[in-house]
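Novice: Curious how this folds, go ahead:
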Amino acid sequence: MKSNIGKSISRYRKLKNITQEELAVQLDITFQAVSKWETGQSYPDITLLPQLAAILEVSIDKLMGYAYQEPKRTIYEDEYKQDDYYWGLAPSKLCYKILALFPPVKPLKLLDLGCGEGKDAVFFARNGYQVTAFDIADAGIEKTKRLADKIGVPVHVFKADILDFRLDTTYDILYSNGVLHYIRPELRQDIFINYQQHTSPGGIHVLSVFVTKPFIPPAPEHEPNAYKWISGELFSLYSDWLTRECDEIIFDCHSSGIPHKHAMNVLIAEKPAPQHAIHTR
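Specialist: The predicted structure is shown next:
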């Protein structure tokens, strides 16, 4: 997997409102060097990484696109350490929609964005998809691996932060259920452009995201790293794709032991095949 450090430097530099020239001055290098990092033409010297991370106020791991030594980013890390599966083992209803719309009659590469304890990722692998999955919770990753081993199916699972991880491999299917609220609003366009660029023509995205509604009280779980989405926001990021399904649902939830409701937008969108030019005499 190629390093995404250049894109990370660009992203965090812009979030800090620092120009390439200003960053170069602080590092005592040329702004051309910074430009080459951000365009992937070269990489920063390893001795510069601590100073670079300090200026951008992120860890070196985050600059590299991973979060191996990050403090807990999800409230479910401790829940996943329990022997039982917090979300159970039954696959999401969205999984069956993928199976119906895009059955693996040929090899299909699927990426599960934020796989949790791996129940959906393992379901896809059992049904013949070539599955890659990631999550930020160590306990969730370990349970995904154990579940895949128990069922006897291959799942390539690794740790990454959805805020930092960018695709450099093309997939046929991108799937995410109830994870996208961890993406900060100012990063969404950049992240989804990356996702769409690394999707095969004719491939699909099957995504859900929690949305806020004035008539639904906040969920009892306090998630300090969750960010609000509004109704239709997810759909607007796919205006040039073929919409297979877009829906807004309200459902009951008991995940915290306290009955409550959620509103969720659900999208199934297909990437259009490129249009071939028609030549006339």
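
Novice: quick one: residue 154 and residue 148 touch, right?
Specialist: Yes: judged on CB atoms under 8 Å, residue 154 makes contact with residue 148 at a distance of 7.0 Å. C-beta here means a position set from N, CA and C on the backbone, and glycine is covered the same way.

Novice: between those two, what contacts are shared?
Specialist: Shared contacts of residue 154 and residue 148, defined by CB atoms under 8 Å, 6 or more residues apart in numbering, comprise residue 125.

Novice: Between the two, which has more neighbouring residues?
Specialist: The neighbour comparison of residue 154 against residue 148 (other CB atoms under 10 Å) goes to residue 148, with 21 against 9.

Novice: how about that one, what does it touch?
Specialist: 118, 121, 122, 125, 154, 155, 157.

Novice: What separation is there between it and residue 125?
Specialist: 7 Å (CB to CB, to the nearest Å).

Novice: Now the common contact residues for these two.
Specialist: Contacts common to residue 148 and residue 125, judged by CB under 8 Å, 6+ apart, are 154, 155.

Novice: follow-up on the earlier one: and of the contacts of residue 148, the nearest to residue 43?
Specialist: Of all the contacts of residue 148, residue 43 sits closest to residue 157, with 26.6 Å by CB to CB.

Novice: Show me which positions of the host helix or strand of residue 141 end up buried.
Specialist: Following DSSP states H and E, one finds residue 141 within helix 138-151. For helix 138-151, the neighbour count (16 or more other CB atoms under 10 Å) marks 139, 140, 141, 143, 144, 147, 148 as buried.

Novice: So for the first one, what's the pLDDT?
Specialist: Right, the one you point to is residue 139. Note for residue 139: predicted pLDDT of 92.

Novice: Now do the contacts for it.
Specialist: 77, 78, 80, 81.

Novice: if I look at the last one, how far off is residue 118?
Specialist: Same thing as residue 81. In terms of CB to CB, residue 81 sits 14 Å off from residue 118.

Novice: out of the two, which sits in the busier spot?
Specialist: Neighbours per residue, other CB under 10 Å: of residue 81 and residue 118, the larger number sits with residue 118, 29 against 14.

Novice: Can you give me the domain boundaries for the chain?
Specialist: Per the record, the chain has its domains at 5-63, 77-270, by automatic domain parsing.

Novice: Kindly export the helix holding residue 141 (C-alpha atoms) in CSV.
Specialist: Coordinates of each C-alpha in helix 138-151 appear next as CSV, following Å, rounded to 0.1, in the frame of the first residue of the first chain:
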residue,chain,number,x,y,z
ASP,A,138,-8.2,-2.8,18.3
ALA,A,139,-10.7,-5.0,20.1
GLY,A,140,-13.0,-4.9,17.1
ILE,A,141,-10.2,-5.9,14.7
GLU,A,142,-9.2,-8.9,16.8
LYS,A,143,-12.8,-10.1,17.0
THR,A,144,-13.1,-9.7,13.3
LYS,A,145,-10.1,-11.9,12.8
ARG,A,146,-11.3,-14.5,15.3
LEU,A,147,-14.7,-14.6,13.7
ALA,A,148,-13.2,-15.0,10.2
ASP,A,149,-11.0,-17.8,11.4
LYS,A,150,-13.8,-19.5,13.1
ILE,A,151,-16.0,-19.5,10.0
